[in-house]
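> Following is a predicted model, sequence given first.
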Amino acid sequence: MGWVGLVTATCFAEMGHPVIAMDIDAQKIRSLSRGRAPIHEPGIEKLLERDAERLTFTTEMEDVLESARLLFCCVDTPPTYSGDADLSRVQAVVSQLPSDGEYALVMKSTVPSGTGRAIRRDAPDIAYVSCPEFLKEGTAVQDFLHPDRVVIGADAGADWAADEVEALYRPLGGEMVRTDVASAEMIKLAANAFLATKISFINEIANVCEEVGADVTEVARGMGLDRRIGPSFLRAGVGYGGSCFPKDVSALKQLAGNTGYHFQLLTAVIEVNELQKRRIIGKLQKHLGPLAGKTIALLGLAFKPDTDDMREASSLVLAARLQGEGAKVRGYDPVAGEAAAKLLPTVELTGSAEEALDGADAAVLVTEWSEFAELEWSSLRDRMAKRVVVDGRNFLDAAALREAGFAYEGIGLANGGRNGEAAATEPAEARLS
Ligand SMILES: NC(=O)c1ccc[n+]([C@@H]2O[C@H](COP(=O)([O-])OP(=O)(O)OC[C@H]3O[C@@H](n4cnc5c(N)ncnc54)[C@H](O)[C@@H]3O)[C@@H](O)[C@H]2O)c1
C-alpha cells in the first residue's frame with residue numbers, strides 16, 4: 001500500500017472491482033481502513049471515499065489468499081549498497097504463496113530483468129505476469145486511469161493470467177504491449193533510464209549554455225518541437241531524484257555489469273546528475289562569497305511537486321552540501337514537512353516560505369510547487385538579509401525578481417533568459433575575446 005499499491009487498489013475499485021489490499025505496515029492499514037491515505041497523492045482520498053464498499057484492507061496474507069486469485073505485488077525494491085535492486089520484499093511475498101497452481105502473481109514492482117524467471121524456477125506453480133507500472137507521483141491516479149501503454153509480459157503456461165490482466169486494463173485504453181517476462185521487465189528499466197538520460201543531457205546542455213551565452217529554455221523549446229525528440233523531460237534543473245530514477249538507473253547499470261557489460265552511458269548519466277546538484281553551491285558562492293555563517297532558505301523539499309515523497313530528493317544533497325560549507329539551512333515544503341523532519345533533522349523547517357526567507361541571505365528554489373509562483377518578492381526583499389535567488393527549476397519570474405532588486409540565477413540562462421536582463425556573468429566567448 002505504497003504509491004503503486006494504493007493507486008492500483010483504489011483505481012481497480014473505481015473501475016468496479018472488489019479489491020483486497022494488504023500491507024505489513026499495520027499503521028498504514030489502520031489509516032486506510034478509516035479512509036485516510038498515508039501518502040499525499042492528489043485524488044486518492046476521493047477514491048477511498050467513493051469506492052469504500054469495494055475496498056478491504058488487511059495485514060494478513062491469509063485474507064488475501066482466501067478471496068483473490070490475481071495478486072498484484074507492489075512492494076518496494078530499494079537499492080542495495082551495490083546498486084542492485086533489493087528483492088527481499090518481493091521474496092517475502094513469493095514465500096507466502098501456496099503452490100497449488102491457482103494463483104497468479106502480477107509483478108508491478110520494478111525488478112531487474114531475470115527476476116520473473118528466477119521466481120518461476122523457485123515457484124513453478126505460480127502463474128507469473130510482469131506488468132510494470134509507469135505512474136508518476138503527483139499525477140498517479142490520472143496516469144493509472146489513462147495509460148500511454150500497458151505492458152504485460154508472460155511466459156508459457158501463464159497465458160490465462162496474462163489474459164485476465166489484459167481484460168482488467170483494456171477499458172482504460174492505451175496500447176497493449178504483450179510480450180515475454182524478461183522483455184517486460186527490461187521495458188520498465190529502459191524507459192526510466194532513457195528519461196533520466198534526457199534529463200542529464202539537457203542539464204549538460206544547460207551548463208554549456210551558461211558558458212556560451214545561450215538560454216537552455218530556448219534551446220529545449222527548439223529541440224522539443226522536433227517530433228523525434230519531443231518536449232518532455234527537457235527541463236534543465238538541479239537534477240532528478242525520487243524513489244525511481246536514481247535506483248532504476250543504478251539497477252540497470254548493475255544488471256548490465258553483472259553480465260560483464262559496462263553500461264558507459266548510464267555511468268555518465270548518474271555522474272552528471274550528482275554534479276548538477278552541487279553546481280547550486282557555486283552559484284550561491286558567486287553572490288555571497290564563502291557560505292560559512294550564511295543562512296540559506298530551501299523552497300520545496302519533496303523530490304517533485306504534489307507529493308510528500310522525500311526519497312532521494314535533491315534537497316537532501318543540497319542541505320548536506322550547504323551545511324558542509326558552514327551555512328545555516330532553513331527549509332519549507334507545502335506538504336513534505338513530516339517526512340523532511342525525519343530526513344533533515346539539522347535543518348530548521350518553517351511553516352511558510354515567508355518564514356524561511358526571513359533574514360536569509362539567499363533562497364534556493366528546489367521544488368517547483370505552484371504556490372512559489374505567487375510569492376511577492378517586492379515585499380519579501382526587505383525581510384531578507386541579502387537579495388539572492390537561485391532558481392533550481394527555472395520556474396520563477398526572473399524579470400519580476402530582478403525588478404524587485406534581486407540577483408537571480410537560473411540553470412543554463414547565461415543571458416538571464418528571454419525575460420531577463422544582462423547576464424550576471426559574461427558569456428565565455430566575451431571573456432575569451
Ligand atoms: N513510486 C512511484 O512513482 C513508482 C512508479 C512506478 C513503479 N514504482 C515501483 O513500484 C514499487 C513500489 O514503489 P512504491 O513507491 O509504491 O513503494 P512504497 O515504499 O511507497 O510502498 C511499498 C509498500 O510495500 C509494503 N511492503 C513491504 N514488504 C511487504 C510485504 N512483504 N507484504 C506486503 N507489503 C509489504 C511497505 O510497507 C510499503 O507500504 C517499487 O519497485 C518501485 O520502483 C514506483
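Yep, it's here.

> Please identify the residues of this structure in proximity to the ligand?
1-5, 22-25, 28, 74-77, 89, 92-93, 109-110, 133, 135, 137, 243-244 (C-beta under 6 Å from any ligand atom). Heads up, the C-betas are built off the backbone N, CA and C, glycines and all.

> Next step: those residues restricted to strands.
Counting by DSSP state E, the part of the residues of the chain next to the ligand found in strands is residue 22.

> Just the buried subset of the residues of the chain next to the ligand, please.
1-5, 22-23, 28, 74-77, 89, 93, 109-110, 133, 135, 137, 243-244 (16 or more other C-beta atoms under 10 Å).

> Now do the helices in the stretch 201-350 of the chain.
216-224, 245-258, 264-288, 314-324, 337-343 (DSSP state H, counting those that start in this stretch).

> Please list the residues outside the first one that contact it.
For helix 216-224, the external contacting residues (C-beta atoms under 8 Å, 6 or more residues apart in numbering) are 202, 205-206, 209, 229-232, 234-236, 394, 411-413, 417-418.

> Next up, the contacts around the residue of the chain found nearest the ligand.
As assessed by C-beta to the nearest ligand atom, the ligand sits closest to residue 2 within the chain, at 1.7 Å. Each residue near residue 2 by C-beta under 8 Å, 6+ apart is listed here: 39, 74, 75, 76.

> and the two most separated of the residues you listed?
By the measure C-beta to C-beta, these have their two most distant members at 39 and 75, which lie 14.9 Å apart.

> that older thread, please list only the buried members of the contacts of helix 216-224.
Applying 16+ other C-beta under 10 Å to the contacts of helix 216-224, the neighbour count classes 202, 205, 206, 209, 234, 235, 236, 394, 411, 412, 413, 417 as buried.

> so how many other residues sit close to residue 351?
By other C-beta atoms under 10 Å, the residues close to residue 351 number 9.

> which residues does residue 177 bridge with?
Counting by DSSP bridges, residue 177 forms beta bridges with residue 151.

> Tell me the spacing between it and residue 101.
26 Å (C-beta to C-beta, to the nearest Å).

> try residue 4
Taking C-beta to C-beta, one finds residue 4 at 26 Å from residue 101.

> what does residue 36 give?
38 Å.

> again, but for residue 374
Note on residue 374: its distance to residue 101, by C-beta to C-beta, is 58 Å.

> neighbour count winner among those two?
Of the pair residue 374 and residue 101, residue 101 is the one with more neighbours under other C-beta under 10 Å, namely 11 against 8.

> Redo the contacts of residue 2 as TSV? Include pLDDT and distance to residue 346.
Converted to TSV, the contacts of residue 2 look like this (pLDDT from 0 to 100; distance: C-beta to C-beta, whole Å):
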residue	pLDDT	distance to residue 346
39	94	25
74	98	33
75	98	31
76	97	26
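
> Pick the one among those residues closest to residue 163.
residue 74 (21.0 Å).

> these two touch, right, the closest one and residue 8?
Yes: using C-beta atoms under 8 Å, residue 74 makes contact with residue 8 at a distance of 5.9 Å.

> which residues are in contact with both of the two?
Once C-beta under 8 Å, 6+ apart is applied, the residues that residue 74 and residue 8 both contact turn out to be 108, 133.

> State the number of residues packed around residue 286.
Quick note: residue 286 (other C-beta under 10 Å) scores 14 neighbours.

> I'd assumed residue 409 was in contact with it.
Yes: counting by C-beta under 8 Å, residue 286 touches residue 409, with 7.4 Å between them.

> Restricted to helices, list the residues of the chain next to the ligand.
Those of the residues of the chain next to the ligand mapping onto helices are 3, 4, 5, 28, 89, 92, 93, per DSSP state H.
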